[in-house]
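Asks: fold the following for me, if possible:
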Amino acid sequence: MIKSTIIMKSLLLRKGDGNYNLFAGQLQNLRYPPPEAHNSDPDGMDIPAFAHTGAHGENESGIPGVGHVYPGDWKIGMHGEKIYADESGGEHMHGIDGIIRAVGDSLLEHGIKAPAKDVIQKAIDMHNQDHKEDNHLPNVDSVAWRKMHLAPLQEQDHRVRSNYTQDGNLITNYTNSHGDKHRFGTYLESYAVPFNNQLGEVMAQLGHPNPQKHSWVKKPYVKPHRLHLVPDGEGGMQFGAQAVDSGKMQDGRIHGNQAAKWGSRMPDNRAFQNI
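Replies: Residues are numbered from 1 along each chain as shown. Modelled structure (predicted):
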């Protein structure tokens, strides 16, 4: 296990040219969570998929882009979401918990007082009404949402999309759709939100003016930047996502015009600035 003293507050990039975090002063590629993130207890939660050091620990793991789990512990957020808090102050969540937080925050933003977990449970119930029993989703508190089981991204209609692997495990994570063409091959890219359509309906029924403004309502997945968060210095939370265009990342370094998106979090030791 890597010493916790070198753990830094980390940021995660969304889409673009893969998933990266800022760790030990450099950008690290995150491909898959390490084996230690998986809990062998069927009733125990896995460590969230992006709560690890990525390429920084790949020499020890022997797997490119796979590092060590951040030391940390579990806590409960203001909307009832389960959070894995690392020792540097970062917060990491599985997809269902990131959605609980996102829904709760969005409803509060529009003055709607409704428990986020109840909203999501209603969306799950609506989803299950349109599906055969063997494709039903578990309830919002189920540990199944907090296990990691991967499948290729499927964006077809939810009524024909399978929610389970051939082994009968709930699909909670999606891999990138261009694994055969990407320089990192196939990697864990996002978390599944198979009830996204119904979630938009429920939010609209509650009076939300525009649920479709959220990507996790428009698409059946939630991006890493909502699941991997760092304190903003003012006591609140700040999303850990900055877009880096495809091809702008080379050997762990990003082009200058892209680095500006990271602000003060990206070390910049150039002798001449703003050139």
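
Asks: so how far is Ala37 from Tyr84?
Replies: Distance of Tyr84 to Ala37, computed by Cβ to Cβ, to the nearest Å: 10 Å. Bear in mind the C-beta positions are built from the backbone N, C-alpha and C, glycine included.

Asks: oh, I was asking about Leu229
Replies: The spacing between Leu229 and Ala37, counted by Cβ to Cβ, is 18 Å.

Asks: ok, those two, which is more surrounded?
Replies: Regarding Leu229 and Ala37, a neighbour count based on other Cβ atoms under 10 Å identifies Leu229 as having more, with 25 against 20.

Asks: beta partners of the more buried one?
Replies: Glu91 (DSSP bridges).

Asks: excluding chain neighbours, what is closest to Thr53?
Replies: Leaving aside its chain neighbours, Thr53 sits nearest to Gly67 (3.3 Å; criterion: Cβ to Cβ, 6 or more residues apart in numbering).

Asks: contact partners for that neighbour?
Replies: Contacts for Gly67 were tallied using Cβ atoms under 8 Å, 6 or more residues apart in numbering; they are 2, 28, 30, 34, 52-58, 60-61.

Asks: among those residues, name the buried ones.
Replies: With neighbours counted by 16 or more other Cβ atoms under 10 Å, those contain buried members at 2, 28, 30, 34, 52-58, 61.

Asks: pull the most distant pair out of those residues.
Replies: The two members of the buried ones among the contacts of Gly67 with the most space between them (Cβ to Cβ) are Ile2 and Leu30, at 14.5 Å.

Asks: any chance of a markdown table for the contacts of Gly67, columns distance to Ser142 and pLDDT?
Replies: Putting these into a markdown table (distance: Cβ to Cβ, whole Å; pLDDT from 0 to 100) gives the following:
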| residue | distance to Ser142 | pLDDT |
| --- | --- | --- |
| Ile2 | 31 | 39 |
| Gln28 | 31 | 73 |
| Leu30 | 26 | 79 |
| Pro34 | 24 | 89 |
| His52 | 24 | 86 |
| Thr53 | 29 | 83 |
| Gly54 | 28 | 79 |
| Ala55 | 32 | 76 |
| His56 | 33 | 81 |
| Gly57 | 31 | 75 |
| Glu58 | 32 | 79 |
| Glu60 | 33 | 79 |
| Ser61 | 29 | 76 |
